[in-house]
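>>> give me the fold of what follows.
(2 chains)
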Amino acid sequence: MTSLVELMDYDEVIEKYDPVLGLEVHVELHTNTKMFCGCANEFGGEPNTNTCPTCLGLPGSLPVVNGKAVESAIRIGLALNCEIAEWCRFARKNYFYPDMPKNFQTSQYDEPIAFNGWLDVTLDDGEVIRVEIERAHMEEDTGKSLHVGGATGRIHGAEHSLLDYNRAGVPLIEIVTKMIPGTGRRAPEVARAYVTALRDLLKALDVSDVRMDQGSLRCDANVSLSPKTTGALGTRTETKNVNSLRSVERAVRFEMTRQAAVLSSGGEVTQETRHFDESSGSTSPGRKKETAEDYRYFPEPDLVPIAPSREWVEQLRGTLPELPWERRARIQKEWNLTDEVLRDLVNANALDLIIATVEAGAKPDEARSWWVSYLAQQANTRGVDLPDLPITPAQVARVIELVNAGALTNKLAREAVNGVLAGEGSPDEVVEKRGLKVVSDDSALEKAVDEALAAQPDVAQKIRDGKVQAAGAIVGAVMKATKGQADAARVREIVLARCS
Amino acid sequence: MGFPIRIPTLRGLTGVPSISRDEVAHLAKLARLAVTEDELDLFAGQLDVILQSVATVGDIATADIPPTSHAVPLTNVFREDVVRPSLGQQQALSGAPEAEDGRFRVPRILGEEA
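Residues are numbered from 1 along each chain as shown, chains lettered A, B, ... in the order given. This is a model prediction of the structure:
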């Protein structure tokens, strides 16, 4: 399909057009229950097991708002520097599509719970861009459709569809930015950086799993191009199915080059929803959307308005944790890190791990050294992100503790880490199972040294003659004989003492 | 506050339909109602009377009277975030015309609007 789409060279796009971004992020809250009923909110259950008359839209059922979800929505709004509505309502968004069995989605329309905020976003080189937030509103997620009979599992060409309503009614917060103009060449990077910053923020707030791969964080990217010659706003497209941070960047870039090619050939960009394809990195037209008016929004008669008291809002403001950027600023100061070092740690996803390792008892330098060198290498070898390595910061801290106590040498410590990564258990269990122990018993070491000296009499003679550097060969032999479990510095002392 | 429920302002209008035949046809399509040509004329006229009647409320309501959306003066009715038993798959699907693999089976979704 990609081959049929004409694209403009990226440099030329930037020369001729100014991209304008708009990002809509949907985040599923990880409350215990759904938004309007007491069904469990969980990912991956057997189809339709977490359903009840309310989320199936059966006649006579009535919704009741999950107070915890409202609390989370307000906390998200506050963290995004939004104003919190003094009074707002839910609305019915009416449409016929089987992902909502009620034939409407309960959402908020022109009375969002939070509005007019901003989020500062740090780009890879440290530049900070302020993204204005239009609103954050509460709604419910839809069911999951499985399209059968089509070539690619997509709705086009499918013969029929199968619906699982476990996800229908899961609390969802939609966070919408204002138009983001003026980012030029960096538009794709800004889009990715914004979603990254938002993800980190939501994670710190502990309101969602924020797993893009599982759909608990989803991004729709609106892109339009404004010709530099006229400065007129262009027609936008909305790209959905963008399921990773990298895809956010790719999708924006693809739409920029596609729209530019359409415009430069005298065509018009169609206002439509487009579907991002992960494997080809391209977008294709999705289903036609009805206009806002066609949704015939009206106030939800079954739910009374929400009027958060100012006392409640302030109380929730007090529950906000240290936010990611505040944390970074504090750590940079406390650990005396340069901007560059801090940025590298953030970009490598290492900072939070190092902080957690320090909180578990390690010194910052020690923790940093493990995560950015040995563990980073292991992650690289395995082709996973650092946070996905199967070792916890507390386990790393324990290994460091064992080294500091003299129970493990650096080499043994790496072996202990390897054991943890291989799923052999905690550091202590690996040490036990693999028999990792520093030989600190001098008599055992002396015996090993004597054996090594006897095996290499010429080397022994050199040392006796004052060639101290020759001791390295004996130390090496002893380390080998003790399978790296000896303290090399102590072995060296013994070698020199024996030869004096 | 203004939800876009389109109640045309009728003050000053006499005899001019406030809802057109095309609008009725569009609404019928959105509601998936099969309406005949004759019915479009009939319903446009009937809906017009209803809208005109409703619009008289607008003659009385002034800026200091907010539109009513709920009859009871309640706010902040919340539920504790505690799981309650669900129906379970079998019962959930029991009323479905068709089911497959534990899921509701529905006819092809696209096509009707193409």
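
>>> and the closest residue to A:Met8 other than its chain neighbours, how far from A:Ser224?
Closest residue in space to A:Met8, ignoring its immediate chain neighbours: A:Ala260 at 4.0 Å, by CB to CB, 6 or more residues apart in numbering or on different chains. Glycine gets a C-beta too; all of them are placed from N, C-alpha and C. Per CB to CB, to the nearest Å, A:Ala260 is found 11 Å from A:Ser224.

>>> likewise for A:Ser265?
Counting by CB to CB - A:Ser265 and A:Ser224 are separated by 17 Å.

>>> and B:Gln90, by the same measure?
The value you get for B:Gln90 to A:Ser224, if CB to CB is used, is 49 Å.

>>> give me the more crowded residue out of these two.
A:Ser224 (22 against 11; other CB atoms under 10 Å in any protein chain shown).

>>> how much space between the more buried one and A:Gln259?
A:Ser224 is 7 Å from A:Gln259, by CB to CB.

>>> before we move on, what about A:Pro181?
Taking CB to CB, one finds A:Pro181 at 15 Å from A:Gln259.

>>> these two: which has the busier surroundings?
Using other CB under 10 Å as the criterion, A:Pro181 and A:Gln259 rank with A:Gln259 on top: 25 against 15.

>>> spell out whether stretch B:34-46 and chain A are in contact.
No: using CB under 8 Å from any CB of the partner chain, stretch B:34-46 stays clear of chain A, with a minimum separation of 13.7 Å.

>>> who's in contact with that stretch?
B:Pro17, B:Ile19, B:Ser20, B:Arg21, B:Glu23, B:Val24, B:Ala25, B:Ala28 (CB atoms under 8 Å, 6 or more residues apart in numbering or on different chains).

>>> quick one: mean pLDDT over that stretch.
Averaging pLDDT along stretch B:34-46 gives 92.

>>> swap in stretch A:203-218?
92.

>>> mind checking the end-to-end distance for it?
Counting by CA to CA, to the nearest Å, you get 14 Å between the two ends of stretch A:203-218.

>>> and if you look at stretch B:24-38?
Start-to-end, stretch B:24-38 (CA to CA) is 12 Å.

>>> quick one: low-confidence residue ranges for chain B.
Within chain B, the segments meeting pLDDT under 70 span B:1-17, B:110-114.

>>> now the helices: where do they sit in it?
B:21-30, B:37-60, B:89-93 (DSSP state H).

>>> can those helices go into TSV with extra columns for distance to A:Ala444?
Shown next, in TSV, are these (distance: least, CB to CB, whole Å):
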stretch	distance to A:Ala444
helix B:21-30	86
helix B:37-60	97
helix B:89-93	65
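
>>> list the contacts of A:Glu322.
Applying CB under 8 Å, 6+ apart, the residues contacting A:Glu322 are A:Ala204, A:Arg330.

>>> next, it: secondary structure please.
coil (DSSP: H, G, I helix; E, B strand; the rest coil).

>>> how close does it sit to chain B?
24 Å (CB to the nearest CB, to the nearest Å).

>>> which strands and helices lie in contact with the helix or strand where A:Ala413 lies?
A:Ala413 is located in helix A:410-421, with elements delineated by DSSP states H and E. Secondary-structure packing of helix A:410-421 (3 or more CB pairs under 8 Å, 6 or more residues apart in numbering or on different chains; DSSP states H and E): helix A:375-382, helix A:393-404, helix A:427-434.

>>> mind checking which of those is nearest A:Met138?
helix A:393-404 (33.9 Å; CB to CB).

>>> how far out from the middle of the chain is the closest one?
25 Å (CA atoms, centre = their mean, to the nearest Å).

>>> could you list the buried residues of that helix?
By 16 or more other CB atoms under 10 Å in any protein chain shown, the buried positions in helix A:393-404 come out as A:Pro393, A:Gln395, A:Val396, A:Ala397, A:Arg398, A:Val399, A:Ile400, A:Glu401, A:Leu402, A:Val403.

>>> packing partners for that helix?
Using 3+ CB pairs under 8 Å, 6+ apart, helix A:393-404 is in contact with helix A:351-359, helix A:364-369, helix A:410-421, helix A:427-434.

>>> what about 7 Å?
The helices and strands touching helix A:393-404, judged by 3 or more CB pairs under 7 Å, 6 or more residues apart in numbering or on different chains; DSSP states H and E, are helix A:351-359, helix A:410-421, helix A:427-434.

>>> as TSV, those helices with distance to B:Pro107, mean pLDDT and mean neighbour count would be great.
Formatted as TSV, the helices and strands packed on helix A:393-404 follow (distance: least, CB to CB, whole Å; pLDDT from 0 to 100; neighbours: other CB atoms under 10 Å in any protein chain shown):
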stretch	distance to B:Pro107	mean pLDDT	mean neighbour count
helix A:351-359	48	93	21
helix A:410-421	50	92	19
helix A:427-434	56	91	17
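
>>> chain B contacts on the stretch 51-200 of chain A?
When proximity is defined as CB under 7 Å from any CB of the partner chain, the stretch 51-200 of chain A approaches chain B at A:51-52, A:56, A:64-68, A:70, A:89, A:91, A:96-98, A:109-111, A:146, A:155-156, A:158-164.

>>> can you rerun that using 6 Å?
A:51-52, A:64-68, A:96, A:98, A:155, A:158-164 (CB under 6 Å from any CB of the partner chain).

>>> return the member of the contacts of stretch B:34-46 nearest to A:Arg218.
Of these, the one sitting nearest to A:Arg218 (CB to CB) turns out to be B:Ala28, at 33.3 Å.

>>> tally of neighbours for the closest one?
Neighbours of B:Ala28 (other CB under 10 Å): 16.

>>> burial count for the closest residue in space to it that isn't next to it in sequence?
Nearest non-adjacent residue to B:Ala28, counting by CB to CB, 6+ apart: B:Val35, 4.2 Å away. With neighbours defined by other CB under 10 Å, the count for B:Val35 comes to 15.

>>> do you know how far B:Val35 is from B:Val24?
B:Val35 is 7 Å from B:Val24, by CB to CB.

>>> residue contacts, B:Val49?
By CB atoms under 6 Å, 6 or more residues apart in numbering or on different chains, B:Val49 lies in contact with nothing.

>>> what count of nearby residues applies to A:Asp110?
The number of residues near A:Asp110, taken as other CB under 10 Å, comes to 15.

>>> sorry, that was for A:Val384
12.

>>> just B:Ser94 next, same as before
The number of residues near B:Ser94, taken as other CB under 10 Å, comes to 10.

>>> backbone dihedrals for it, please?
phi -60, psi -30 (degrees, to the nearest 10).

>>> which helix or strand contains the residue in the stretch 101-250 of chain A that chain B sits nearest to?
Taking CB to the nearest CB, chain B has its nearest neighbour within the stretch 101-250 of chain A at A:Leu162, 3.7 Å off. Following DSSP H and E, the helix or strand that holds A:Leu162 is strand A:160-164.

>>> name the helices or strands packed onto that strand?
strand A:144-148, strand B:103-107 (3 or more CB pairs under 6 Å, 6 or more residues apart in numbering or on different chains; DSSP states H and E).
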